[in-house]
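>>> From the sequence below, what's the structure:
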Amino acid sequence: MKTKMRFSKVMSLFLLLGLMLSALNVGTVSAHHSTITGKVVCQADGNQRIDWTIKNSESGKIETVTVLSRSIGLSVPFDIPKSGTATGSETFAGTATGTRTLSVTATWPGYGPVTNTGSVTLPGGCQPPQPKVYVCKYVGTPGVNERLQDGNNPIEVSINSIPDYQGVGTYFGDAHARSYVLATVPQNPEPTRADCPQPPVYGCMDETALNYNP
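Residues are numbered from 1 along each chain as shown. Predicted structure coming up:
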């Protein structure tokens with residue numbers, strides 16, 4: 001009877017030890033993972049770019065990525081150094097919105113495959129830069145005492161800020177006097193004050209003080 005009880009206790013101890021080892025093994029395996037993060041950047045052309053980063057969780061093992069769910073400029077398989085990272089990117093229209101998810105399947109020596117995911121939300125709203133022009137600024141009344149404005153002249157101005165934009169070589173009125181569209185940006189070399197046309201001399205002025213009536 002005592003022998004059976006001892007045998008039962010020994011078996012229980014073995015069973016408990018097995019469960020503990022199994023739990024330890026599961027914990028070790030689950031520690032191996034990829035951390036996937038992404039950052040959205042508005043590009044100069046108005047498109048959105050997601051910069052993806054895949055980080056190896058292990059400081060003592062090289063990670064081998066075998067499957068990527070998205071095309072981010074990386075060819076599988078590839079290795080990520082111990083505690084290292086791999087980066088890739090993909091481009092979307094500036095108006096695109098919604099969530100983009102990257103799944104990464106990887107192995108480590110003796111472990112895997114393990115699949116992890118990371119997601120990024122595209123906000124939209126990226127726009128291409130607005131074209132600019134060089135503008136000569138004037139002060140005074142045309143045909144009377146008009147002259148080039150002191151200070152920086154010409155200046156760079158977005159065409160969106162010019163009312164009823166008519167192109168290079170035209171005048172337009174602003175809050176103070178009027179301005180002249182000299183050239184598109186960029187120019188090499190950049191235009192200087194000397195490139196701005198001197199204010200024309202009018203004959204008799206009509207009531208608008210802007211039109212020539214000889």
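>>> Pick out the residue closest to the middle of this structure.
V41 (1.2 Å; C-alpha atoms, centre = their mean).
>>> Give me the phi and psi for it.
As for V41, its main-chain torsions (degrees, to the nearest 10) stand at phi -130, psi 130.
>>> any idea how far the closest residue to it other than its chain neighbours is from T117?
Ranked by C-beta to C-beta, 6 or more residues apart in numbering and with sequence neighbours excluded, the top spatial neighbour of V41 is R49, at 4.9 Å. Quick note: C-beta positions are derived from backbone N, CA and C, even for glycine. Going from R49 to T117 by C-beta to C-beta, to the nearest Å gives 20 Å.
>>> Tell me which residues of stretch 120-136 come out buried.
The neighbour-count check on stretch 120-136 (16 or more other C-beta atoms under 10 Å) flags V120, L122, C126, K132, V133, Y134, V135, C136 as buried.
>>> Could you give the average pLDDT over it?
If you average the pLDDT over stretch 120-136, you get 92.
>>> again with stretch 41-55
Stretch 41-55 shows a mean pLDDT of 95.
>>> which residues touch it?
The contact list for stretch 41-55 (C-beta atoms under 8 Å, 6 or more residues apart in numbering) reads 34-40, 65, 70, 72, 80, 83-94, 96, 100, 102, 104, 118, 120, 122-124, 126-129.
>>> Repeat that for stretch 169-188.
Contact with stretch 169-188 is made by 131-142, 146, 149, 154, 156-157, 162-168, 191, 195-197, 210, as judged by C-beta under 8 Å, 6+ apart.
>>> Cross the residues you listed against strands and list the overlap.
Taking DSSP state E as the definition of strands, these contribute K132, V133, Y134, V135, C136, K137, Y138, V139, E156, V157.
>>> now Q166, nearest residue through space, not along the chain?
In space, Q166 is closest to F172, 7.2 Å off (C-beta to C-beta, 6+ apart).
>>> does that neighbour sit in a helix, a strand or a coil?
strand (DSSP: H, G, I helix; E, B strand; the rest coil).
>>> and if you look at N160?
Classified using three-state DSSP, N160 is helix.
>>> Grab the nearest non-local neighbour of G112.
Using C-beta to C-beta, 6+ apart, the nearest residue to G112 is A106, at 6.2 Å.
>>> Is it correct that the one you found is in contact with T64?
Yes - A106 is within contact range of T64, at 6.0 Å (criterion: C-beta atoms under 8 Å).
>>> need the contact list for S71.
Going by C-beta under 8 Å, 6+ apart, S71 touches E90.
>>> May I have the predicted confidence score for it?
The per-residue pLDDT reported for S71 equals 97.
>>> rewinding a little: mind telling me the two of the ones in strands among the contacts of stretch 169-188 farthest from one another?
Pairwise distances among the ones in strands among the contacts of stretch 169-188 were taken by C-beta to C-beta; the largest, 22.1 Å, belongs to K132 and V139.
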